[in-house]
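Enquirer: When you get a sec, could you give me coordinates for this:
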Amino acid sequence: MELMAHVIILGLLSFLLIISWIPNSSFFSWHPTLMAVGFLFLYTESILLFHPKFSPISSHKTRVKLHQILQILGYVLAVLGMVCIYSLKESAGKPHVSTWHAFFGVTTMCVGGFQVFVGNMLIYPKMRSLLRITESLGELKKKHAKGGLLTITCAMFTIGLAFYSSWFLKKEFHRIYQNVCLGAVFAIVGILGAQVYQRRLSTT
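Expert: Numbering: from 1, shown residues only. All right, here's what the predicted structure looks like:
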């Protein structure tokens with residue numbers, strides 16, 4: 001199932017990157033590119049590679065570090081993607097957060113930023129001490145897993161809505177492209193959701 005997830009993620013990522021730059025490209029092209037690489041690729045892969053059963057990395061410490069690096073890098077790229085679309089909207093005098101795609105995008109960034117913060121808090125005990133966190137590490141990890149699932153669901157929903165945005169519709173693809181891409185998004189959410197539940201939430 002994890003192999004299928006990797007294939008779907010890479011396939012959808014490749015499609016997004018191609019249509020972002022071919023046949024025409026502009027400064028806007030960086031928005032879907034950075035968002036796709038940040039959330040669709042790095043964020044999802046950080047979750048897949050963290051699972052001990054399916055990751056090629058046997059060391060738990062190494063998996064945690066890789067998970068942390070990919071999450072932070074993915075979020076940084078997503079922030080840059082947000083900066084791109086914000087600057088374009090500003091220069092064009094267009095309103096911000098005027099579509100459902102934009103609304104869920106902002107929601108994803110907020111939840112994702114908090115998730116990255118909590119993840120680092122789990123790794124560094126001094127952060128928990130400074131914030132006077134009294135909950136057990138096990139409970140915090142379960143909450144982190146739930147937050148991660150919420151983040152990836154919001155991110156995938158945002159990507160799904162992108163295929164119904166004016167940017168995508170202007171490309172005049174056949175409707176089947178929308179349906180296939182949306183199906184891929186749901187498949188990714190389902191696979192990652194099952195993995196997170198099996199790894200962290202099945203004992204709650």
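Enquirer: which residue is nearest the middle of the chain?
Expert: By CA atoms, centre = their mean, the chain has its centre lying nearest to F39, at 2.8 Å.
Enquirer: and that one, what does it touch?
Expert: G74, A78, T108, G112, I152, A155, T158, I159 (CB atoms under 8 Å, 6 or more residues apart in numbering). Where C-beta positions appear, they are placed from N, C-alpha and C, glycine not excepted.
Enquirer: Distance check, T158 against L137.
Expert: Per CB to CB, to the nearest Å, T158 is found 31 Å from L137.
Enquirer: ok, these two, which is more surrounded?
Expert: T158 (23 against 11; other CB atoms under 10 Å).
Enquirer: excluding its backbone neighbours, what's nearest the more buried one?
Expert: F104 (4.3 Å; CB to CB, 6 or more residues apart in numbering).
Enquirer: about what we covered before: give the buried subset of the contacts of F39 as a ChimeraX selection command.
Expert: Selecting only the buried entries of those in ChimeraX, with 16 or more other CB atoms under 10 Å as the criterion:
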select :74,78,108,112,152,155,158,159
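Enquirer: residues in contact with V76?
Expert: G38.
Enquirer: Let's verify it: helix, strand, or coil?
Expert: Secondary structure assignment for V76 (DSSP: H, G, I helix; E, B strand; the rest coil): helix.
Enquirer: mind checking how far it is from H6?
Expert: To H6, V76 is 22 Å away according to CB to CB.
Enquirer: In what element of secondary structure is L149 found?
Expert: Using DSSP states H and E, L149 sits in helix 137-162.
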